[in-house]
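**Q** Provided below for reference: sequence and predicted model.
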Amino acid sequence: MTDGQSVIKTRKLTKIYPGNMKAVDGIDVEVKSGEIFAFLGPNGAGKTTTIKMLNTLLKPTSGRAMVAGFDVAKKPGEVRKRIGYAAQDVGVDEHSTGRENLTLYGHFYRLDNDTIKRRVKKIFEIVGLTGYENKMVSTYSGGMRKRLDLAMGLIHRPQILFLDEPTTGLDPQTRAHIWEYIHTLVEKLGMTIFMTTHYMDEADHLANRIAIIDLGKIVTMGTADELKRSIGGDVVTLSPVGDNAEARKEFVKRADAILAGKPFVTGTKPTDGELAVYVNNSESAIPSIMQLLTGEGIAVKTISISRPSLDDVFLKYTGRTIRAQEGTRTTPTQISNMGNRRGR
Amino acid sequence: MNALTDTWYITMRDLRARIRMPVFIFISLFQPIVFLLLFPQIFKAVGSNMFTGDTSYLQFFTPGILVMTGLLSAALSGIGMIINMDTGILSKMLATPVTRVSIVLGRVMATVLVILIQAAIIMIITVIMGVHIQTGIGGALLALLLIGLLGLGISAFSEGLALLLKRQETLMAVVNLFGMPLMLLSTMMMPSELLPNWLNTVRHFNPIDYAIVGVRDLVLNGYVWHDLWRSFAVLGGMAVVTVAFATTMFRRRTE
């Protein structure tokens, strides 16, 4: 799948917004040709800012980024010829037909009319919109618009396609379709894809490699399996009796103090409402955990066991969960409210 | 070269989109038409005292209405730019090799073409209502050219403001704040002889008045070249300044 040639490479890439807000803080990343590379993190983590520096919409404050062989700050025009971009907001014109939208972009990339005509046909097939070429975009469904938006970034056969939150706000069926198209693009057209997402399952399903980003920094990077393995074994989640926030906090604190550092525990991660305990082997660990806690008079309401997911990876490296927040940084109250939703 | 073709493609796209929603073209014609029907009634008495021969108030007022049509459409041009910014259309375009200034110039050109269509419609309506254009077809085309030039200047200003203000509501407020006074501080509704002195002084600083004076000459008096040259010079000068303003704002916004 990878031929090993690096198509994106950044060196201490940094963006500071007015007011000294460090949105992206010294990111080093390298993406190889033919890869699907995902930036995973909550909104506000710096994902969109990074993508906008790579696709020339924003100038880096410091650091460098080479995309398709050119420095984004010095040769933005060369970079633009070789990339496609689909933002979270769909950038299609409602008052034109699908074909007109695509044709306009063909002209922007200096393609001649014959080439545009041929490619429009082909691309509509790829994104599954054949038959809708001459329909007004205002009659398209949300999923169809998203697919057209993807198509508009493909007309010039870019080397690299940037996808910012490609499935946010779409229904499950449409998401599955979009995933399929992304796979097709890589397999049939040999494209490299740099995408951002705050969906764990999306990163898990699509990406060859994932970088988890939080507060403008990459906290860890690797394949989904490598990341999950880095946690090791199983995750045992302990939930206390009662709903009282104070009591739950106390439970987590005490249980954490008892279990952390025990030989069968590889790590613990307290949230406000529950305690995640990483162990090598849950079958043998659970009796020991129960024994230790009962001995200290701590009552456990539920125990759940799971294989580590990317959620757990995120939790381990950032101390917070990403799920269910969709767009906002989690506050402690939100985390405790999410307590009952553990497991997937 | 690329700048010209890019501007052309964006102009055509924009124009196509607007012509597909004829309702919008007609909505902005609504106010001029209402004025056209009402004002000659309201000022009927004034008209018969003021004008001699076959000059009615309608005849006098028509150039003002033509200019008003161009002004209203042009002033709201920037709203489309704000919609493009809000919907992500602009960002998506900027990630392509498209010539940057073409994005704003294409929009302005589309607005000018729409204004020419609208002014031509109003002109035909007034001719049907009995207005006689002194300079004939040639003069009518020259009048449209003046209105187009005014439209170019005002819509470029509106696009620049849109990029500066970034919010539809704010842009609308600014347009309302300036639009009405600019129309009133001119010879749009009253001939200069009936205006107070201070207003006659003020109107010389109002670009709208130059458009009205030029168009009115062509409709009522014939080719009064010393007026016409001045009108073209002032409106052309304004267009140069506001296009520079719009492209500067666009560069600032996108870099």
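**A** That came in fine, so what should we check first?
**Q** Most distant residue from the centre of chain A?
**A** What lies farthest from the middle of chain A is A:Gly295; by Cα atoms, centre = their mean that is 42.2 Å.
**Q** A:Ser288 versus that residue, what's the distance?
**A** Here the criterion is Cβ to Cβ, to the nearest Å. By it, A:Gly295 lies 11 Å from A:Ser288. Using the backbone N, CA and C atoms, a C-beta is placed for each residue, glycine as well.
**Q** residues near residue 187, how many?
**A** Just going to use chain A. Counted with other Cβ atoms under 10 Å in any protein chain shown, residues neighbouring A:Glu187 total 11.
**Q** try again with chain B
**A** By other Cβ under 10 Å, the residues close to B:Thr187 number 22.
**Q** Could you do A:Val265 as well?
**A** Look at A:Val265: counted by other Cβ under 10 Å, it has 19 neighbours.
**Q** My read is that it contacts A:Leu259, right?
**A** Yes: between A:Val265 and A:Leu259 there is a contact at 5.4 Å, judged by Cβ atoms under 8 Å.
**Q** list residues touching both of the two?
**A** The contact sets of A:Val265 and A:Leu259 overlap at A:Val277 (Cβ atoms under 8 Å, 6 or more residues apart in numbering or on different chains).
**Q** For B:Ala110, give its distance to chain A.
**A** Taking Cβ to the nearest Cβ, to the nearest Å as the measure, B:Ala110 falls 12 Å from chain A.
**Q** in the stretch 51-200 of chain A, which spans are helices?
**A** A:76-82, A:98-108, A:113-126, A:142-152, A:172-189, A:200-206 (DSSP state H, counting those that start in this stretch).
**Q** Identify all contacting residues around the second one.
**A** If I follow you right, that is helix A:98-108. With contacts defined as Cβ under 8 Å, 6+ apart, helix A:98-108 is touched by A:92-93, A:96, A:115-116, A:119-120, A:123-124, A:129, A:132-135, A:137, A:140, A:148, A:151-153, A:155-156, B:5-6, B:9-10, B:13, B:16, B:93, B:96-98.
**Q** how far off helix A:113-126 does it point, in degrees?
**A** Between helix A:98-108 and helix A:113-126, the angle comes out at 130 degrees (axes from the mean of the first three to the mean of the last three Cα atoms, to 10 degrees).
**Q** Mean confidence (pLDDT) on helix A:98-108, please.
**A** Average pLDDT, helix A:98-108: 96.
**Q** Distance from it to the middle of the chain?
**A** Distance of helix A:98-108 from its chain centroid, counting by Cα atoms, centre = their mean, to the nearest Å, is 29 Å.
**Q** Quick check: residues of chain B near chain A?
**A** Residues of chain B lying close to chain A by Cβ under 8 Å from any Cβ of the partner chain are B:2, B:5-6, B:9-10, B:13, B:16-18, B:20-21, B:87-98, B:255.
**Q** of those residues, buried ones?
**A** Buried by 16 or more other Cβ atoms under 10 Å in any protein chain shown: B:6, B:9-10, B:13, B:17-18, B:87-98, out of these.
**Q** B:Leu15 should be in a helix, yeah?
**A** Yes: secondary structure of B:Leu15, determined by DSSP: H, G, I helix; E, B strand; the rest coil: located in a helix.
**Q** And for the residue lying closest to it once chain neighbours are set aside, the neighbour number?
**A** Nearest residue to B:Leu15 in three dimensions, chain neighbours excluded: B:Ala110, at 4.6 Å (Cβ to Cβ, 6 or more residues apart in numbering or on different chains). Residues lying near B:Ala110 (other Cβ under 10 Å) number 24.
**Q** Just the element for B:Ala110, please.
**A** helix B:100-128 (DSSP states H and E).
**Q** just A:Ile212 next, same as before
**A** Counting by DSSP H and E, A:Ile212 is found in strand A:209-214.
**Q** Quick one: list the elements packing against that strand.
**A** Under the contact definition 3 or more Cβ pairs under 8 Å, 6 or more residues apart in numbering or on different chains; DSSP states H and E, strand A:209-214 sits against strand A:36-40, strand A:217-222, helix A:224-231, helix A:310-318.
**Q** Send me the shortest one as PDB with only the CA atoms.
**A** Right, strand A:36-40. Extracted in PDB, the C-alpha atoms of strand A:36-40 (Å, rounded to 0.1, in the frame of the first residue of the first chain):
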ATOM      1  CA  ILE A  36      -4.700   7.300   5.000                       C
ATOM      2  CA  PHE A  37      -3.500   9.300   7.900                       C
ATOM      3  CA  ALA A  38      -5.900  10.600  10.600                       C
ATOM      4  CA  PHE A  39      -5.700  13.300  13.100                       C
ATOM      5  CA  LEU A  40      -7.900  12.300  16.000                       C
END
